[in-house]
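Asks: Structure, please.
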Amino acid sequence: MKQGPLNLITDVAGLRVGNAEDDGLRSGTTVLTADAPFTAAVSVMGGAPGTRETDLLAPERLVQKVDALVLSGGSAFGLDACSGVMDGLRAAGRGFAVGEARVPIVPGAILFDLLNGGDKGWDENPYRGLGRAAFDAAGEEFELGTAGAGFGAMTARWKGGLGSASSVLSNGVTVGALVAVNAAGSVTAGQSRRFWAAPWEVDAEFGAVGLPLVLMGEDEPSPSKRQSEATTIAIVATDAALTQAQAQQMAVAAQDGLARAIVPSHTLYDGDLVFAASTGVKEVEDTFLLGHAAAVTLSRAIARAIYEARPRPGDLQPVWRDGLS
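Replies: Presented below is the predicted three-dimensional model:
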């Protein structure tokens, strides 16, 4: 596997990503969309998920494709970002056709960033507006680190953020990942700066600081956040043509990548979730490598989220890059 040209999920042709954030709110939203509906599925493994429209992603449901996927801060308030995205899609004439009516299909997931120091004293939920702004900003290139749904994210030790990566397989299929990292666990080993994801790093994309070295029993993890304050939410995507059932298998496999990059993961404090998306451009005879590629690419995206985070006034946690020469 090698990186795609942008090393972003938008290396999967036809996909676009938009971010919107509010500096005072210390939160934001990220939207993945495309020019045409795409197959989507989901895997939820954390103990505290917050979701919208994920039930319809089961293979036996009527609707097999979606118009966009949303990752957002804001806890349950952030689910309203999906409404803003629906507004944008409706204005564009997009949506599932029911007679003359069109209903945009926009599943979403949220992370908890309500206690990160931002001003949360709003009178009107701001996330609908953030969702519309993110949709309107969607393009092939987008900012990582302190951006979008990762704008106010935190982890056990380092400031969190938004990450993305891509992989091109030997058969020409592209796999991409997009993730907002707000984990109860740690992305680095012990007290070091070494990423758990280091074995899968490509071309020094998150600093090339070396493999993690941890002795048995060293730095046993303990909760650094209170219950339901965490969650890592992600999307893995491919241009391979997949059924919804196959996309769900890819989402499940990608959870391995989350577990490799964050220790511990899938805890009761996290609502860890992975969406899978397929644009259906390339027919492949064997989907064996897709799950592995999704897991590896998601691990890399998680490390990139922390690596790309930037310091801002009022940060409650250190930025990984601080102190580097």
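
Asks: any chance you could map the helices in the protein?
Replies: Defined through DSSP state H, the helices belonging to the chain, from first to last, are 81-91, 127-136, 244-261, 288-307.

Asks: Would you mind saying which of those helices lies nearest Thr33?
Replies: When these are ranked by distance to Thr33, counting by Cβ to Cβ, first place goes to helix 127-136 at 6.5 Å. The way it works is simple: take the backbone N, C-alpha and C, and place the C-beta from them, glycine included.

Asks: Please save the CA atoms from that closest one in CSV.
Replies: As requested, C-alpha coordinates have been extracted for helix 127-136 and formatted as CSV (Å, rounded to 0.1, in the frame of the first residue of the first chain):
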residue,chain,number,x,y,z
TYR,A,127,-24.8,23.2,15.2
ARG,A,128,-27.4,23.4,12.4
GLY,A,129,-25.6,26.5,11.1
LEU,A,130,-22.2,24.7,11.5
GLY,A,131,-23.5,21.7,9.5
ARG,A,132,-24.7,24.0,6.6
ALA,A,133,-21.4,25.9,6.6
ALA,A,134,-19.4,22.6,6.5
PHE,A,135,-21.5,21.3,3.7
ASP,A,136,-21.1,24.5,1.7
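
Asks: For the residue lying closest to Gly78 once chain neighbours are set aside, give the beta-bridge partners.
Replies: The shortest distance from Gly78 to any non-neighbouring residue, by Cβ to Cβ, 6 or more residues apart in numbering, is to Ser72 (3.5 Å). Legend: beta-bridge partners of Ser72 under DSSP bridges are Thr29, Ile110.

Asks: Could I get the contacting residues of the residue nearest to Lys65 when sequence neighbours are not counted?
Replies: On the basis of Cβ to Cβ, 6+ apart, the spatially nearest residue to Lys65 that is not a chain neighbour turns out to be Pro37, at 3.8 Å. Remark: with contacts taken as Cβ atoms under 8 Å, 6 or more residues apart in numbering, Pro37 is in contact with Lys65, Val66, Asp67, Arg94, Phe96, Ile105.

Asks: Local confidence estimate at the second one?
Replies: Read it as Val66. Per-residue confidence (pLDDT) for Val66: 97.

Asks: So what's the residue count around it?
Replies: Other residues within reach of Val66 by the criterion other Cβ atoms under 10 Å amount to 24.

Asks: Pretty sure it sits against Ala36.
Replies: No - with contacts counted by Cβ atoms under 8 Å, Val66 stays clear of Ala36, the gap being 10.9 Å.

Asks: Neighbouring strands - and their directions - for the lowest-mean-pLDDT helix or strand in the chain?
Replies: Least confident element among the helices and strands of the chain, by mean pLDDT, DSSP states H and E: strand 96-98 (a mean of 90). Paired with strand 96-98 in the same sheet, following DSSP bridges, are strand 101-103 (antiparallel).

Asks: Pull stretch 312-325 out as PDB, backbone CA atoms only.
Replies: Taking only C-alpha atoms (Å, rounded to 0.1, in the frame of the first residue of the first chain), the coordinates of stretch 312-325 have been written out as PDB:
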ATOM      1  CA  ARG A 312      -4.900  27.900  20.800                       C
ATOM      2  CA  PRO A 313      -5.400  30.200  23.700                       C
ATOM      3  CA  GLY A 314      -7.200  28.400  26.600                       C
ATOM      4  CA  ASP A 315      -6.100  24.900  25.600                       C
ATOM      5  CA  LEU A 316      -6.600  22.400  28.500                       C
ATOM      6  CA  GLN A 317      -4.000  20.000  27.100                       C
ATOM      7  CA  PRO A 318      -0.600  20.200  25.500                       C
ATOM      8  CA  VAL A 319      -0.200  20.000  21.700                       C
ATOM      9  CA  TRP A 320       1.900  17.000  20.500                       C
ATOM     10  CA  ARG A 321       4.200  19.300  18.400                       C
ATOM     11  CA  ASP A 322       5.000  21.600  21.400                       C
ATOM     12  CA  GLY A 323       8.700  21.400  22.300                       C
ATOM     13  CA  LEU A 324       9.800  19.700  19.100                       C
ATOM     14  CA  SER A 325      12.800  21.300  17.400                       C
END
